[in-house]
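**Q** sequence and predicted structure below; questions after.
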Amino acid sequence: MQSRHLSYSTLVIVCLLLAAPLRAQDNLLNDPDLKEMLKEAEKMQKEAGELQKQNPTAPDRKKKLAEMEAQARE
């Protein structure tokens, strides 16, 4: 019975010792991968905005949507 507790205790201690180096970075803003992904996301947002300007929603659709919302409120 004691050997079972000893093995569980050893496992817990090893897990705690190995978890310390694996913890997350303290300052995420210094992470180069995160910076790259944020730049890519900004670029994608700009491209989406440009596409929206090039292909604006038709006024008829906006009008129909407004009418449908008004009907839904009634």
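**A** Nice, I can see it.
**Q** could you pull out the helices for the chain?
**A** Assigned helices in the chain, in chain order: 2-22, 32-54, 59-73 (criterion: DSSP state H).
**Q** put together TSV for these, with mean pLDDT and mean neighbour count on each row.
**A** To be clear about C-beta, it is placed using only N, CA and C from the backbone, and glycine gets the same treatment. Converted to TSV, the helices of the chain look like this (pLDDT from 0 to 100; neighbours: other C-beta atoms under 10 Å):
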stretch	mean pLDDT	mean neighbour count
helix 2-22	83	9
helix 32-54	91	10
helix 59-73	84	9
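**Q** what's the burial count for D31?
**A** By other C-beta atoms under 10 Å, the residues close to D31 number 13.
**Q** got phi/psi on it?
**A** With angles defined as degrees, to the nearest 10, D31 sits at phi -80, psi 120.
**Q** and the pLDDT for it?
**A** Looking at D31, its pLDDT is 80.
**Q** against M37, how distant is it?
**A** With distances taken as C-beta to C-beta, to the nearest Å, D31 is found 9 Å from M37.
**Q** please apply the same query to V12.
**A** Look at V12 and M37: by C-beta to C-beta, they are 35 Å apart.
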